[in-house]
Structures are given as C-alpha cells and as structure tokens.
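build me a model from this:
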Amino acid sequence: MISVFLGAGFSKWAADLPLACELFDFKIETINERDEQRLNTIIKWKEQWDSNNPNGYSEQFIRESIDASIRKKNLVTWYITRRLSEPFIGTITHGYQTLMIDDKRAKSIEGVQRAKSFIYSIKPLSISGIMTCNYDLLVEYALGTNGFNYGIDNQILTGRGKNPIFSWQGLPVCLTGDIKLAKLHGSVSWDKDHYYTDGRCGLKGNALIVPPAPEKKSLIELKEVWNLANSLLRSSNNLIVFGFAFNEYDLALLNFFRLSGANLAKVLLIDIKPNITIAKSLWPKAKIEVCMPQFKDNSIFKEWINRCN
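Okay, the predicted model is just below:
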C-alpha cells in the first residue's frame, strides 16, 4: 500500500498558495469594513514586530501573537485562513462566498486542475489515503465529494448543497469517495462542531486549525484525525511526500512520521529542495528517492510507484 503526504509545497506548486514565510504579503481583498479594520490592525502588528525583530520569521510572529492574547490569536487565525481562502472566494447575488467542494467554479481553477492531475496520476494504484497539514481545500476540490472521505464512510457535511444559487438543492451533501483524507492541522472548512461543504470558516476566521508556529501542539478536537493518519501510514509500505520541509521544530509531526512509518520500505520525496538528511533519520530502513515536481508530466511518479509494486 502507498500513502501520500502533501506539504505546503504541494499547495504552492499547484495553486501558488503562500508558504509560511510568504503568508504575510497581505494579498487579500477586504469584503467589508470589518475586514478592512482587521487587516489594517494585523498589518500594524506585523510592521511593529518586524521592526523589533529584524531577523525574525513568520512562525515566530505567529507563536508570539497566539501566546499574547485571545484577541491576537483570533485575528492571526482569521488572517491565515482568510489568506489561504483568497483564491477560492466567489461572488454571487451581489455577495461573497467561498466555493463549495462540488462547485463547478472551483473545478475550473488552474491550481485545482494541477492538484487533480497529480492525485489522479496515482489514484489507480493501491493508495491507503492522503495526509496533509494544509488547511486549504485543494484535495477536496480536486476529488469532489464522491472521491474522498474524512475517515467516515458516507459522512454527511453541514452547509449548502451543490448549487451555488439554490443552496438547498443537492442536500444532504455526503462524502461517498473511498480515498481517506486526514488533515492533521485542521481545515478552513471545519470548526469545533462541524465539517462544512465549503470554506466558510476560513472566511469568518473561526476555523479549526493548528497555526503554523514553532512547537505546534495538536488539538484534542483533531485526535481522531491523527488516529486516521496513524492507521494510514502504518498500513503502508511506501510513502510519497510532496513539498514538505521537515522543519525541526515540528516535533509532533516528525515523531508521528518516525513511529508510524517505522516499517516503510520506500519513500519518494517530491521537492525542489528535499531534506534528505532528516528523511533518512526518520526512516533509516527505507530507501529514499527524490524527484522534482512536474507540472504536466506525472509519468515519473507512476514509474516510481510501479517499481514499488
């Protein structure tokens, strides 16, 4: 069996979504006056922090903001999820909404098509599932609700139906796919109580996520997600890792890879700057191979996978 782990580099490659170091470019369009105020506030915070920490990096700013106060934590969470939702916000009936998982508008986005091309190049093989720490909905958009599930067969999502105008049509929205998706750090489509049919939580800023900061701690609400990922990786003898940096401060995730992936035989790192040293320390018994991301030709992935079978 083969499992897949998609890092931030995958979303960068597919849809040009920002890496952690690029998050605070403030490239969002404010929807209303409240958004304008929020954005101006966080810009001022970041400028002041940069002035006081000329050699600091984004994860440090996020960590300090989270620890400073509930207000700062909420505002930083709003900005992060709002920034990652930006390419997937549409207008309808003179209003704004995040695109639904089955929305045809999402399927037409080039980044979604790239993500779909990669996933479908490996889909015919024996995939135990996909794991990611990305909050975005690229995988969901690429596969559609009939292509994946969050570990629960026929799980019913909360929210609108498949028609962006007549939102009651197509209800209930049910996950009927067989590819299991474990989002270890949460999603712009989740809050503490529901899984939604769209990324509304990213728009509002109340998404259930673990912000990209040093010494990330998993949330109790994500326990079942980590259990799912553990079962996926333990059932696999081969692993594809696309665009993950293996940051040394990401202790929980590195420990997960080490323990749950102890029996891996082969690992393929798809990355422009693969961290081979840490990969070998995590999986000393596995054969580590490397390849560059491909935009149009996914045959190199297929060739590697065929050698694994």
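
switch to C-alpha atoms for all contacts and neighbour counts from now on
OK.

start to end distance for stretch 91-111?
Stretch 91-111 has its terminal residues 19 Å apart, counting by C-alpha to C-alpha, to the nearest Å.

quick check: mean pLDDT of it?
For stretch 91-111, mean pLDDT is 82.

tell me the pLDDT at Asn298?
58.

most residues in a single helix of the protein, which one?
As assigned by DSSP state H, the longest helix anywhere in the chain is helix 33-52.

same for it, what does it pack against?
Applying 3 or more C-alpha pairs under 8 Å, 6 or more residues apart in numbering; DSSP states H and E, we find helix 33-52 packed against helix 70-85.

what do you get if the cut-off is 10 Å, keeping everything else the same?
helix 58-68, helix 70-85 (3 or more C-alpha pairs under 10 Å, 6 or more residues apart in numbering; DSSP states H and E).

wait, which of these is closest to Tyr195?
Closest approach to Tyr195 among the helices and strands packed on helix 33-52 (C-alpha to C-alpha): helix 70-85, 15.4 Å.

orientation of the closest one relative to helix 58-68 in degrees?
140 degrees (axes from the mean of the first three to the mean of the last three C-alpha atoms, to 10 degrees).

helix or strand right after helix 70-85?
Moving toward the C-terminus from helix 70-85, the next helix or strand (DSSP states H and E) is strand 89-92.

tell me the helices and strands packed up against that next one.
Using 3+ C-alpha pairs under 10 Å, 6+ apart: strand 89-92 touches strand 95-98, helix 104-107.

mind putting these into a markdown table with distance to Lys73 and mean neighbour count?
Formatted as a markdown table, the helices and strands packed on strand 89-92 follow (distance: least, C-alpha to C-alpha, whole Å; neighbours: other C-alpha atoms under 10 Å):
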| stretch | distance to Lys73 | mean neighbour count |
| --- | --- | --- |
| strand 95-98 | 23 | 15 |
| helix 104-107 | 30 | 18 |
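
can I get the ones you listed in CSV with distance to Trp283?
Supplementary listing: those in CSV, determined by distance: least, C-alpha to C-alpha, whole Å:
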stretch, distance to Trp283
strand 95-98, 39
helix 104-107, 36
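
and those: which comes nearest Gly9?
helix 104-107 (20.2 Å).
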